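1. Let me see the structure of the following:
(2 chains)
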Protein chains: 2
Amino acid sequence: MTHSSDERHHRGFIVPIGGAEDKMRDARILRRFADLCGGADARIVVIPTASETAGTGAHYAELFTSLSGAHTDVLPLNTRADCADAQNLAAIAMATGIFLTGGNQLKLSTTLGGTPAAEAIRQANRAGVHVGGTSAGAAFLPEHMIAFGRAGASPRPDMVALAPGLGLTNALLIDQHFRQRDRFGRLLSALAYNPFCVALGLDEDTAAFVSPENTFEVVGSGGITVVDPSSLEYSSMDSARKRDTVCLIGLKLHVLVHGASYDMRTRVASVGASRKSTRRAAVGPSE
Amino acid sequence: MTHSSDERHHRGFIVPIGGAEDKMRDARILRRFADLCGGADARIVVIPTASETAGTGAHYAELFTSLSGAHTDVLPLNTRADCADAQNLAAIAMATGIFLTGGNQLKLSTTLGGTPAAEAIRQANRAGVHVGGTSAGAAFLPEHMIAFGRAGASPRPDMVALAPGLGLTNALLIDQHFRQRDRFGRLLSALAYNPFCVALGLDEDTAAFVSPENTFEVVGSGGITVVDPSSLEYSSMDSARKRDTVCLIGLKLHVLVHGASYDMRTRVASVGASRKSTRRAAVGPSE
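-> Predicted structure coming up:
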């Protein structure tokens, strides 16, 4: 992908996916990611580090090629030495898109953290390369990563473990498999520690396409639960005992679906043009 | 404090203190902080949010005034509403130094996180204002904060809870009361999640004066334990069970005392000029 001098100053998209994205039917999340990266001109690097399953990387590479004709590379970043290997770094430098598979996000942070490969991915994203990840790959993208935790709807101090992530952005916190694994309490707990950013709970087969301007659009069959703490008046996180429920007063909450968008700077959600016209059509002409 | 146009581009010092700093004898850490902020011309804002004890803020304000003649303000940031109060923000904007007392770091992150006061402190530090903190106030300074944890010498996955901090720097992780509370294992655990930065264990009555160039000098009666993961070859943090000891191969370790310094960019430690001459004097003339 070539950049004009103007485009070069734009960060690439950041695309967290809630896991279990459709690969058999229209594969709209993966197809959109491949198209965003340049379609038939794309060079997508797949990093399967999080996965324990052999063949995960090759599977995504085949999918991207069959969906859009993209050129793909699977980078075997299995050790910290692999993350300093010149050939692997050259592949990252050539990419128009980088995709992190699911698995265990601590495998990603312990293997990539502090290595030249992590720095190369951050640098590529700053220069306009799009970076996506599913499940553990999504969790790892921001500065603050949910490493593990407990299920349940209400927040408690002992529910979640945070760790430093890849660091592409600190404008959001991400949790994934959100509805499927009952993670609302753990997302609120993570946010309550320091309510400085927006928290996103991504259902399976649902992605946030986060633009360089920090607006995201929802793509997929599920929902994205958005918790905005900008008007939070009170939190008892500092005084609650480990298994107490944390008191939180004044949070804003949105549940967004396909076509909706959210501006993380102004903290304004909108249904999205495509959604509004769909709805009007479904209701039928009113006059 | 006035800045020349060149100086204006320098971040202020970041000064974490390991807690229980001397206030009765020579008070060298607090005196040095007050002198750095301008001595008799300093305007030091004390933020006692972390403390449960009334009078903590006033006590530090009196100390700074008696040590250097500094003008001091105690800012009562007790609620999130206080952190948006125009008068409090004006006091932060006027400061040449900002000091956070000890107590509970989660009180700091839940009260200040995401508020205009937190942004004002970051902005002041970027513009050259020095920011110090002791104990909980030190823990809160970086992007990644150790919120709480367990004592013990060897690292385990369930030993430490991280949370987003104030975000003045992400070049270091900080633990405090280090020797006194047996926190080596918890510092290693925090670092092992993502070995991307330098970890500092600060003993009581010991401070790191971190310069705008990210070199720090050790001041005080104890030690600073520095763990550098830049040559880490292997970590089992991703596969260890919660109470397993984590395997870590290839860390670098330094224990630094008063007068020594450490460059966080090159990761080089040195004993310090004052130390070398002291040592020679103590041994006596050799010829």
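2. Could you identify the helix or strand that succeeds the longest helix seen in chain A?
-> Across chain A, the helix with the greatest residue count (assigned by DSSP state H) is helix A:56-68. Following the chain from helix A:56-68 toward its C-terminal end, the next helix or strand by DSSP states H and E is strand A:71-74.
3. For the helix or strand following that next one, what is the distance to the chain centroid?
-> Using DSSP H and E, the next helix or strand after strand A:71-74 towards the C-terminus is helix A:86-94. Mean-position distance between helix A:86-94 and its chain equals 23 Å (Cα atoms, centre = their mean, to the nearest Å).
4. for helix A:86-94, which positions count as buried?
-> Neighbour counts over helix A:86-94 (16 or more other Cβ atoms under 10 Å in any protein chain shown) mark A:88-89, A:91-92 as buried. Glycine gets a C-beta too; all of them are placed from N, C-alpha and C.
5. cool, and stretch A:34-41?
-> For stretch A:34-41, using 16+ other Cβ under 10 Å, the buried residues are A:34, A:36-38.
6. Which residues does it contact?
-> With contact meaning Cβ atoms under 8 Å, 6 or more residues apart in numbering or on different chains, stretch A:34-41 is reached by A:1, A:13, A:15, A:42-44, A:64, A:67-70, A:96-97, A:130, A:209.
7. ok, 6 Å please
-> Outside of stretch A:34-41, the residues that reach it under the criterion Cβ atoms under 6 Å, 6 or more residues apart in numbering or on different chains are A:1, A:42, A:44, A:64, A:67-70, A:96-97, A:130.
8. Between those, which sits nearest chain B?
-> When the contacts of stretch A:34-41 are ranked by distance to chain B (Cβ to the nearest Cβ), residue A:130 comes first, at 22.4 Å.
9. ok, which residues in the stretch 151-287 of chain A are in contact with chain B?
-> Counting by Cβ under 6 Å from any Cβ of the partner chain, the residues of the stretch 151-287 of chain A lying close to chain B are A:162-164, A:193-196, A:229, A:233, A:235, A:237-238.
10. what's the answer for the stretch 1-150 of chain A, then?
-> By Cβ under 6 Å from any Cβ, the residues of the stretch 1-150 of chain A that approach chain B are A:80, A:104, A:106-107, A:109-110, A:113-114, A:144.
11. What's the PyMOL line that selects buried ones from the residues of the stretch 151-287 of chain A next to chain B?
-> Selecting only the buried entries of those in PyMOL, with 16+ other Cβ under 10 Å as the criterion:
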select buried, chain A and resi 162+163+164+193+194+195+196+229+235+237+238
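12. Can I get the residues of the stretch 151-287 of chain A next to chain B in a markdown table including distance to residue B:204 and secondary structure?
-> A markdown table is the format used below for these (distance: Cβ to Cβ, whole Å; DSSP: H, G, I helix; E, B strand; the rest coil):
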| residue | distance to residue B:204 | secondary structure |
| --- | --- | --- |
| A:162 | 27 | strand |
| A:163 | 27 | strand |
| A:164 | 26 | strand |
| A:193 | 25 | helix |
| A:194 | 26 | coil |
| A:195 | 31 | coil |
| A:196 | 29 | coil |
| A:229 | 34 | coil |
| A:233 | 36 | coil |
| A:235 | 29 | strand |
| A:237 | 26 | coil |
| A:238 | 23 | coil |
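13. For stretch A:134-152, which residues meet the burial criterion?
-> Neighbour-count burial for stretch A:134-152, counted by 16+ other Cβ under 10 Å, picks out A:134-149.
14. Closest one of those to chain B?
-> Comparing those against chain B with Cβ to the nearest Cβ places residue A:144 closest, at 5.2 Å.
15. Could I get the phi/psi values of that closest one?
-> For residue A:144, the backbone dihedrals (degrees, to the nearest 10) come out as phi -110, psi 120.
16. contacting residues around it?
-> Contacts for residue A:144 (Cβ under 6 Å, 6+ apart) come out as A:162, A:173, B:164.
17. what's the closest of those residues to residue B:24?
-> In terms of Cβ to Cβ, no member of the contacts of residue A:144 lies closer to residue B:24 than residue B:164, at 35.2 Å.
18. surely that closest one meets residue A:194?
-> Yes: taking contact to mean Cβ atoms under 6 Å, the distance of 3.9 Å between residue B:164 and residue A:194 places them in contact.
19. What helix or strand is residue A:253 located in?
-> In this assignment (DSSP H and E), residue A:253 forms part of strand A:252-257.
20. No further queries at this time; thank you.
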